[in-house]
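S.K.: Return a 3D structure for these sequence lines:
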Amino acid sequence: MSEFETKKEVIDFVLKKSKEFDFNEFACDLLVSVTKQLRFYDNKISISKIWNSDKLQLFASTVDYRIYGTDILDVTPIKIEEALKELKSKLDISPPNPFYEGLAPYTQIDYGNLNAFFDEKVEDLGDYAGDKVMGAINSALEAGANKSAGLLQFDSNQYFVANSHGLNNSFKQSNYQFTIRSFVDGESTGQGVAAGRDISSIENKLVKAGDQAGRLAKLSQNATMGKGGQYDLVLSPTVAANIFGGIIGAANPISEIFGFSPFKDKVGEQLAPDWMTVTNNSRHPEGPISTPFDFEGHKTGQTNIIENGIFKRIVHSYSTSKKFGGEPTGSTFLFDIGGAKMVGPSTSNVFIDGGNNSLDELLDKTSDRPTLYITSNWYTRFANYVETEFSSVPRDAILSVENGELTKPVKKIRISDNILGMMKRIVGGTKETELIWWWEVEMPVSSPAIRVEDVRITTAGK
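M.R.: Residues are numbered from 1 along each chain as shown. Modelled structure (predicted):
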């Protein structure tokens, strides 16, 4: 960022310049990131990269609630002034937004330790990250794999957030995510994932992920074509996080307005078994994207969205709480929707409470239907967001379960069902949960393994 000696100077410059444009409200944040990534293939580290990046987000509104936001990646005085001029011109031609009620008034809040979600050891992880990755690869080999591929990515972030109501603060954040896919041959594969914030536990998590990937790859050998029909499914935490955790992101009024939420008018309805509580926790100590405060300066915390199986509430920003009733939940972000920037509520770290079973107990439940253990899935797609009709392709080890034991593997099947219906047919979950965060689970979700009855399976391609 040429012409600025410190990152804080960027925010001070932006706030000063914004006053020249007579915005009714103005807000901005600057994300300064150092991202390191190791990719590996055929049991060897093939690529090691480091990115240093800056992203400045600007948002403004008028007295009649016209709003506009934009991004800057080239954070220089000239580009900032150009962006502010663009912001002003776009506001002049934008219609009033019927869902916007303004930014929250700011008051001094004790956020606690502003850097509580930053592990300073992440800055040194690059010196020995290769050894940790090789530990996972070796673990997969010992479990029966012939080769492995995947990536380890870790981030050191600093956020500067300010607005025209007096908010002007910053915090640091760190996280990592790891994915390993192991192979016995071209069709016999297994996957393991790991994610978190605290680097001190990373070695054990990577070794565990490698062991899981190698073991599942070995179990998936000589798979036969699957058959369509009604099955009981035991979903690994990776799959449960994708299917059940994924729809929690729609528990907000913006999704309801645009017809993407299955939760409209469902407050008080029993959606899941009574052991299941699902929370949005933007302040969890191990949450990969935890923050001390949100875009408006609200202190973050925990919001129970589903409580003992009953749908309780959606997340709110100040604006949506005024418009639709409720209280702000410390969940406000500036995000893209339909190509435009909007201030609104969003979930961050989702936590599904554990159940009362072990994995062996889930596998051993009796049923008149055949049972499959699904270990990973790709390409989850919705035919209807409101009704949650979806399909998803199981990948890697798909294992039949007979008399509580994992037996013959199958391949080329598709889950084709309804998520809300599946939630009502959940019959158990493991006590142990696992944090899942990879490219098929874009929002971090901590989930148990979950057993669901009477799920429709089709053959891939049909």
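S.K.: Tell me if residue 254 really is in a strand.
M.R.: No: under DSSP: H, G, I helix; E, B strand; the rest coil, residue 254 sits outside any strand and is assigned helix.
S.K.: Tell me where the stretch 1-150 of the chain is predicted with low confidence.
M.R.: Counting by pLDDT under 70, the stretch 1-150 of the chain has low-confidence residues at 1-2.
S.K.: need the strands for it, in chain order.
M.R.: 25-41, 44-61, 67-72, 147-163 (DSSP state E, counting those that start in this stretch).
S.K.: In JSON lines: those, plus distance to residue 104 and mean neighbour count.
M.R.: No exception for glycine: its C-beta is placed from N, CA and C like everyone else's. Formatted as JSON lines, these follow (distance: least, CB to CB, whole Å; neighbours: other CB atoms under 10 Å):
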{"stretch": "strand 25-41", "distance to residue 104": "10", "mean neighbour count": "19"}
{"stretch": "strand 44-61", "distance to residue 104": "13", "mean neighbour count": "16"}
{"stretch": "strand 67-72", "distance to residue 104": "15", "mean neighbour count": "20"}
{"stretch": "strand 147-163", "distance to residue 104": "9", "mean neighbour count": "21"}
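S.K.: And the ones you listed: which comes nearest residue 188?
M.R.: Nearest of the strands of the stretch 1-150 of the chain to residue 188, taken as CB to CB: strand 147-163 at 11.2 Å.
S.K.: and the angle from that closest one to strand 25-41?
M.R.: With axes from the mean of the first three to the mean of the last three CA atoms, to 10 degrees defining the directions, strand 147-163 sits at 170 degrees from strand 25-41.
S.K.: Let's check: the centremost residue of the protein is which one?
M.R.: Closest residue to the average C-alpha location of the chain: residue 443 at 0.7 Å, with CA atoms, centre = their mean.
S.K.: quick one: secondary structure of that one?
M.R.: strand.
S.K.: Excluding covalently adjacent residues, which one is nearest to it?
M.R.: residue 249 (5.7 Å; CB to CB, 6 or more residues apart in numbering).
S.K.: how near is that neighbour to residue 421?
M.R.: Residue 249 sits 19 Å away from residue 421, taking CB to CB, to the nearest Å as the criterion.
S.K.: if you count what's nearby, which of the two comes out ahead?
M.R.: With neighbours defined as other CB atoms under 10 Å, residue 249 and residue 421 compare such that residue 249 has more, 19 against 15.
S.K.: which ones are touching the more buried one?
M.R.: Contacts for residue 249 (CB atoms under 8 Å, 6 or more residues apart in numbering) come out as 255, 346, 347, 350, 443.
S.K.: Just flag the most distant two among those residues.
M.R.: 255 and 350 (14.4 Å).
S.K.: Which one's more surrounded, those two?
M.R.: Set residue 255 next to residue 350 and count neighbours by other CB under 10 Å: residue 350 wins out with 27 against 23.
S.K.: hang on, the more buried one packs against residue 244?
M.R.: No: assessed by CB atoms under 8 Å, residue 350 is found out of contact with residue 244, at 9.1 Å.
S.K.: tell me, what's touching those two both at once?
M.R.: Joint contacts of residue 350 and residue 244 (CB under 8 Å, 6+ apart) are residue 278.
S.K.: Relative to residue 237, how far out is the nearest residue to residue 381 once chain neighbours are set aside?
M.R.: Excluding the flanking residues, the one nearest residue 381 by CB to CB, 6+ apart is residue 391, at 5.7 Å. Distance of residue 391 to residue 237, computed by CB to CB: 20 Å.
S.K.: what's the answer for residue 71, then?
M.R.: 34 Å.
S.K.: repeat for residue 325
M.R.: Using CB to CB, residue 325 is found at 35 Å from residue 237.
S.K.: These two - which one has more neighbours?
M.R.: Between residue 325 and residue 237, residue 237 has the larger neighbour count (other CB under 10 Å), namely 27 against 9.
S.K.: Now for that one: which residues touch it?
M.R.: If you count contacts by CB under 8 Å, 6+ apart, then residue 237 has 430, 433, 434, 436, 447, 448, 449 around it.
S.K.: Any chance of the backbone angles for it?
M.R.: Per-residue torsions, residue 237: phi -50, psi -30 (degrees, to the nearest 10).
S.K.: OK, contacts around the spatially closest residue to residue 264 that is not a sequence neighbour?
M.R.: Closest residue in space to residue 264, ignoring its immediate chain neighbours: residue 256 at 4.6 Å, by CB to CB, 6+ apart. Residues near residue 256 by CB under 8 Å, 6+ apart: 250, 263, 264, 314.
S.K.: So which of the residues you listed is the closest to residue 366?
M.R.: Closest approach to residue 366 among these (CB to CB): residue 263, at 33.1 Å.
S.K.: For the closest residue to that closest one other than its chain neighbours, grab the count of nearby residues.
M.R.: Nearest non-adjacent residue to residue 263, counting by CB to CB, 6+ apart: residue 251, 5.3 Å away. A count of nearby residues for residue 251, using other CB under 10 Å, gives 27.
S.K.: tell me the pLDDT at residue 251?
M.R.: The per-residue pLDDT reported for residue 251 equals 96.
S.K.: Do I have it right that it meets residue 304?
M.R.: No: at 10.7 Å, residue 251 does not count as touching residue 304 under the criterion of CB under 8 Å.
S.K.: can you list residues touching both of these two?
M.R.: Here residue 251 and residue 304 have residue 313 as joint contacts, going by CB under 8 Å, 6+ apart.
S.K.: pLDDT below threshold where in the stretch 301-450 of the chain?
M.R.: 338-339.
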